[in-house]
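let me see the structure of the following:
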Amino acid sequence: MFPESIRELAAQTLAEYGLAGYMIATAESCTGGLIAGALTDIAGSSKVVDRGFVTYTNIAKTELLGVPASLLHAHGAVSPEVAVAMAVGALAKSRADVTVAVTGIAGPGGATETKPVGRVYIATAVRGGAAKAKEYTFPGDRDAVRMATVQAALERLRLARPNGSLR
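Modelled structure (predicted):
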């Protein structure tokens, strides 16, 4: 189901976190659970993956992750502020040491002048440490944007440090 490059990255991420004894949780909007799917496609992932939240609607973001409705109203669901709130919410609602959250516009519709198709925000949060979002604009159709988001999210997880710092 996943390209070999994503499977390899997921396996590396799981191995690194597993050796350190750390857990991961995901909070996903535009990927609809694909990040958790890529991780759990690897045998033994239950030692590292605590849980995944698929929060496709604003109501789900609020109910499941505690993202304030006022934040969604002020910045929109596709924003660095909401991505960070999703990552922090996933941390609060899980036993994970590090979380990754994604929100974006996979297309083909939904774009605006300031938020084109392919615009994605990926945030990571570390228990007892920092939360940080990064903006991406991925080219291609819906499938390409979603797969690029999965790959970038796994790369962001590999850069997150469970000791509280993020690179």
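
run through this structure and note the low-pLDDT ranges.
Within the chain, the stretches with pLDDT under 70 are 161-167.

what sits against the residue nearest the centre of the chain?
With distances taken as C-alpha atoms, centre = their mean, Ala101 lies nearest the centre of the chain, 2.7 Å away. Residues near Ala101 by C-beta atoms under 8 Å, 6 or more residues apart in numbering: 26-29, 83-84, 86-87, 90, 122-125. For every residue, glycine as well, the C-beta is placed using N, CA and C.

from those, which land in strands?
The members of the contacts of Ala101 that map onto strands under DSSP state E are 26-28, 122-125.

these: which two are farthest apart?
Glu28 and Ala125 (14.1 Å; C-beta to C-beta).

between those two, which one's more packed in?
Ala125 (29 against 26; other C-beta atoms under 10 Å).

tell me the spacing between the more buried one and Asp141.
Here the criterion is C-beta to C-beta, to the nearest Å. By it, Ala125 lies 30 Å from Asp141.

closest one of the ones in strands among the contacts of Ala101 to Glu135?
Ile122 (8.4 Å).

and Ala140, how far from Ile105?
Just to correct that, residue 140 is Gly rather than Ala. Taken as C-beta to C-beta, the span from Gly140 to Ile105 is 12 Å.

and what of Cys30?
Using C-beta to C-beta, one obtains 7 Å as the distance from Cys30 to Ile105.

overlap in contacts of these two?
Residues touching both Cys30 and Ile105 by C-beta under 8 Å, 6+ apart: 120, 145.
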